Each structure stands twice: as structure tokens, then as C-alpha cells.
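[1] quick check, what structure comes out for this input:
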Amino acid sequence: MSYSTITRAMANYVECHASDTRLDLKEMGRKFGFSENYIRELFSAQVGISVMQYYKRRRIILSAAQLLHTDKKILDIALERGFGSHEAYTRAFVKVMGMSPSAFRSARPILGKAQLGPGVYGLDLLEGKEKRSDVSDMKQDRQESILLYDIQQVKYGSYGSATPFPICIKAVSEYLGDDVSYPYIMAATGAAFRLVWNTQCWDLSNVDIYHAFTESDAVYGLGAKALGREFSFLGRGENTTKEEFQTFIKEHLAEGYPCIALGIIGPPEPCIVAGYGEDGETLMGWNFFQEDPEYAGNVTTAENGYFISRNWWENTDTQAVMCMGPINAEEMTPQEILRQAVKALEGRMEHSYAKGILAYDAWHKMLLEESHFASTVYDSLFSKLLVQNDATQCLMDGRSQGAKYLLELAAKQMAGDNAKLELAARYFQKVSAYAEEMSGLIGDWSDMEAMLQHLADRNVREQLAQLILHAKEEDEAALQCLKEYLQ
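    You can find the predicted model right below:
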């Protein structure tokens, strides 16, 4: 094995332990079969700085990402990263960044993807950049494996949300150095304003984000447009090969760009592909189902928490892969985003799907249709419970994030009818509150039997139906505000 290969492996090891409060060089030596002194000498000779300096810089870089993308207190970040006090953290931070943590948070310099070594990528300070920027010289010769580190884990609850695609976009945006808020992404993709209901059945796919607009793939392109980035997409058709997927993933990762895939592990929900091994036979990254026993039987876990999957192609729910690539435009304008919001909210029928405002009527009607609840078979009632829960979660999450975006926009704008934006935000907040009330009527998952009984109860469903109509009224009022604002 060459020195460069060993060095790359050691850099990978440090990246995997960059979140640890202490790097154990003795344990590292045991992993590589070297003495601690030899580890120090080899790393320093090959990388140009000591292994401990490298490790300390990576810790500071990860803490800097928290300063930019969370509202955690500086002391809490310091303690989380293993520093004994605010003062100790500040001294270490200044040595690496040249400014205090509070100054860094205020200045918001660009922190984004950088090449850390052959086949190793992660976050770093992009010095001398005054605006969003890409590293343009990252493409490498063909590698059997590549891994992108420092991408935020995606899971239900990330960014206070439950909508997988915007969560993935936000995690990718942070890695690429795009400083945009999560409410902005929810609004720009249309996810904040969608509601869909299949009039023919209790459809578990109602909540899927690709139903938001007429073209099923449109919402994915909006994710790239929200970041002002080039969009590439490969769907899985009858004649699509595994090799095509592998080539797509390897080419984009070789330039330091993560991919977003549908599927890989479990259902065709979005996930992040952050690396590959064995020339693309194995894929690595973050997936919402990587710890779910139902789906993750053949999945292993890397040291940094990434999933490792060999059977990703055999999963027939692996339906597409896409990439938010180089910067090719400015981010979306508020007018573009609000026009998309109007488009998502307006009532219309597309095939059997009622969308936007019309979805409320379809939902209301089906909930009160007694024939749908005549059967007490567990599976039948449970599937309806899932659909009902998805719809309420869609409104709770979406409309609350939509309201946050409108308030962010109103606070930034010096001109314009901001009162309309603020009023629309209040209407959306009411929709979210009604959805939360609906969720409370059903109960929580700690007592699923009670939830099923509540859904089967006609009186409860009548209360739910009334709340649906209230939510519809508020959404209609918000839609009217947005139309007036755009006019």
C-alpha cells in the first residue's frame, strides 16, 4: 500500500472522529497497525501539518457550521465540541478562523465544500469569497471510492420538519456553502403550500411531494433553482441500467457534489448519497430509513454514521438520482416563490387527485363517508390512520414553515405591501394550529389502539371534518392575500 493511500485512509479516520471530543492516537495506531509516533510522523510528512492540528481544525470547522446554520448558544456549541469553557473555545476558534465565534456568526463568511485530500471532501472556510462560490478545480482522476464528509444527517425532525426532500436540500445547501434558511427552501420548492388528496381511495402517496405540481419532477428542479444551481436528473425507466446510475453518481461526487436519490434504502423517499466504494457497488450517505429494521436488514454503518448499502439497485423503490450542481444563477426571487405558492394552493383536479384548496373538500367528503369505515379490519383502518396523519402533518409542517418564510420576507423588504405578507402568515399559522388540533383529536402513537378507535368514531370524524373546513377557509384567505400582494 502506498504512502498516499495510507494518508488518505488516515485522513478518512480523522474525519470519522472529527465530532469526537478527543482523538485517541493510540487507538488510531492500533487500527492501522502502526505506533503512535509513526502515525504522527507519517501524517505530518504527507499532509504538511500534524495530525492533532488537522483534527483540531476539523473540530473548529464543524463548530463553525453550527454557528452558521443553528441558533444554538455559543457556550452550548463549545461544550458540545468538548471545550471546557467559552474562553477556551474562543481562543481555539480565533487561532483557526482569525476571529471570535460571535464575529464569525455575524460576518457569515462562506463555509462550503473543499477538497481535503484525494477522494476526501468536506467543509472548509472558502477564504477571499465575498458571495456564494464553488470550488472549481475539484474534479479528480477516476477513483474506486470517494467520500464527502460533514454533510448534516437527515432524519425526521431535522430542522424541525418532517418533509424529506426540503430537509435533504437544506443539508446539501449547507455543505455547498449556500446560506439559505429552511423556511425559504420549504417555500421555494412549494412544499410549504401543498395539499393533495386522491378522490378514489385512501392513498398513502397523497403526501408525496412530487404531487405538488402538474409535472411530477417539477418540485425537484425547484430545489436546485432555489439554490441557483444547475440541476441534473436521472430517472429509472424500464431500460435504465445500474451502470447508468453508478456513472451519474460517480461523476458528480468526483466534483464534490452530493447526490439526492429516491429510495436506496426503503421507500422511494429522498436521501443523500455522499460517497461510494468498490467503484460504485456500494453507496454511502444519509437515509431516513437506515435504522429501520423493516428496511435496513442488509445495511451497515460507517464510522461517521453514514449508511453503507450494497443492495441499493435491487431495491425497486430506488427510482431516481439527482444533483444540485455548480452555481448557474441567482437564488429565486420572492415573486417567483410566491407565484409558485399560488400555483400550489389554487384548487384544481389532476386525474383523480384534488389539489390545493380542492383537496380539503375531497378529504372532508371521504372522512364522513360511512362506507369507508364499515370494516373494522385492522389493516384497513390502520392505512386510513396513516393517510389522515400524513395530511395533518403536511399542514402542520408546511403552513408553519410557509408562515415563517413570509415573516422573514416581510422583515427583509423595505418596500412593498408587507402587511399582506404578515396577514397571509397569520392565516397559515391558523391552518397549522387547526391541523395540530386534528392531530390531538386522534391521539399519539404511544397508544395506537386508541388512535384507531378515535378514527372509527363518527363523532370524532365529524369534529375533524369541521376543522378541515376551518383550515380551508384560512388557506383561501392566505391565497387571496398572496394574489393581492403579487398584483
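[2] run through who's touching stretch 386-397.
    161-163, 186, 194-195, 197, 202-204, 206-207, 363, 367, 431-432, 434-436, 438-439, 442, 455, 464, 471 (C-beta atoms under 8 Å, 6 or more residues apart in numbering). In short, each C-beta sits where N, CA and C put it, glycine included.
[3] could you dump that stretch to CSV, C-alpha only?
    Taking Å, rounded to 0.1, in the frame of the first residue of the first chain, the C-alpha atoms of stretch 386-397 are listed here in CSV:
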residue,chain,number,x,y,z
LEU,A,386,-51.6,6.8,8.2
VAL,A,387,-53.2,8.8,5.4
GLN,A,388,-55.1,11.0,7.9
ASN,A,389,-51.8,11.5,9.9
ASP,A,390,-49.9,12.4,6.8
ALA,A,391,-52.4,15.1,5.8
THR,A,392,-52.3,16.7,9.2
GLN,A,393,-48.5,16.6,9.4
CYS,A,394,-48.3,18.1,5.9
LEU,A,395,-50.3,21.1,7.1
MET,A,396,-48.7,21.4,10.4
ASP,A,397,-45.2,21.4,9.0
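[4] how far does that stretch sit from its chain's centre?
    In this view, stretch 386-397 has its centroid 18 Å away from the chain centroid, taken as C-alpha atoms, centre = their mean, to the nearest Å.
[5] list the buried residues of it.
    By neighbour count on 16 or more other C-beta atoms under 10 Å, the buried set for stretch 386-397 is 387, 388, 389, 390, 391, 392, 393, 394, 395, 396, 397.
[6] now the residues you listed in TSV, with pLDDT, distance to residue 35 and secondary structure?
    Output for these, formatted as TSV (pLDDT from 0 to 100; distance: C-beta to C-beta, whole Å; DSSP: H, G, I helix; E, B strand; the rest coil):
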residue	pLDDT	distance to residue 35	secondary structure
387	96	60	helix
388	97	61	helix
389	96	56	helix
390	96	56	helix
391	97	61	helix
392	97	59	helix
393	96	54	helix
394	97	57	helix
395	98	60	helix
396	97	56	helix
397	97	52	helix
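[7] any idea which of those residues is closest to residue 257?
    residue 397 (27.2 Å; C-beta to C-beta).
[8] now the closest one: closest residue in space, sequence neighbours ignored.
    Spatially, and ignoring its direct neighbours in sequence, residue 397 is nearest to residue 162 (5.0 Å; C-beta to C-beta, 6 or more residues apart in numbering).
[9] element containing residue 214, please.
    Under DSSP states H and E, no helix or strand contains residue 214.
[10] what backbone torsions are found at the residue nearest to it when sequence neighbours are not counted?
    Excluding the flanking residues, the one nearest residue 214 by C-beta to C-beta, 6+ apart is residue 350, at 6.0 Å. The phi/psi pair for residue 350 (degrees, to the nearest 10) reads phi -130, psi 110.
[11] residue 350 pairs with what?
    Beta-bridge pairing for residue 350 (DSSP bridges): residue 353.
[12] and the pLDDT at it?
    On pLDDT, residue 350 comes in at 93.
[13] how far away is residue 73 from residue 89?
    11 Å (C-beta to C-beta, to the nearest Å).
[14] quick one: the helices in the stretch 351-487 of the chain, in order.
    Taking DSSP state H, counting those that start in this stretch, the helices of the stretch 351-487 of the chain run over residues 357-368, 378-412, 418-442, 448-456, 458-486.
[15] may I see those organised as CSV, with distance to residue 294 added?
    Converted to CSV, these look like this (distance: least, C-beta to C-beta, whole Å):
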stretch, distance to residue 294
helix 357-368, 28
helix 378-412, 14
helix 418-442, 23
helix 448-456, 16
helix 458-486, 29
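[16] so which of those is nearest residue 56?
    helix 378-412 (35.2 Å).
[17] picking up where we left off before, tell me the SS of the residue nearest to residue 397?
    Of the three states, residue 162 takes coil under DSSP: H, G, I helix; E, B strand; the rest coil.
[18] and residue 73 and residue 89? Which one has more around it.
    residue 89 (24 against 10; other C-beta atoms under 10 Å).
[19] rewinding a little: what's the burial count for the residue nearest to residue 214?
    Residue 350: 12 neighbours (other C-beta under 10 Å).
[20] of the contacts of stretch 386-397, grab the buried ones for ChimeraX.
    This is how ChimeraX selects the buried members of the contacts of stretch 386-397, with burial counted by 16+ other C-beta under 10 Å:
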select :161,162,163,186,194,195,197,202,203,206,207,363,367,431,432,434,435,438,439,442,455,464,471
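[21] low pLDDT regions in the chain?
    1-4, 117-119, 128-133, 135-142, 376, 414-416 (pLDDT under 70).
[22] tally of neighbours for the nearest residue to residue 236 once chain neighbours are set aside?
    In space, and not counting its chain neighbours, residue 236 is closest to residue 319: 5.1 Å by C-beta to C-beta, 6+ apart. As a burial measure, residue 319 scores 17 neighbours (other C-beta under 10 Å).
[23] any chance you could list what contacts stretch 430-446?
    Counting by C-beta under 8 Å, 6+ apart, 385, 388-389, 391-396, 398-400, 403, 450-451, 454-455, 460, 463-464, 467-468, 470-471, 474-475, 478 sit against stretch 430-446.
[24] for the residue nearest to residue 236, list the residues it contacts.
    235, 236, 262, 263, 268.
[25] does anything pack onto the host helix or strand of residue 104? Which helices or strands?
    Element membership for residue 104 (DSSP H and E) is helix 101-107. Contact partners of helix 101-107 among helices and strands, from 3 or more C-beta pairs under 8 Å, 6 or more residues apart in numbering; DSSP states H and E: helix 51-69, helix 74-80, helix 86-97.
[26] how about those helices in JSON lines, adding distance to residue 338?
    Shown next, in JSON lines, are these (distance: least, C-beta to C-beta, whole Å):
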{"stretch": "helix 51-69", "distance to residue 338": "25"}
{"stretch": "helix 74-80", "distance to residue 338": "35"}
{"stretch": "helix 86-97", "distance to residue 338": "37"}
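[27] okay, these, which one's buried deepest?
    helix 51-69 (a mean of 20; mean count of other C-beta atoms under 10 Å).
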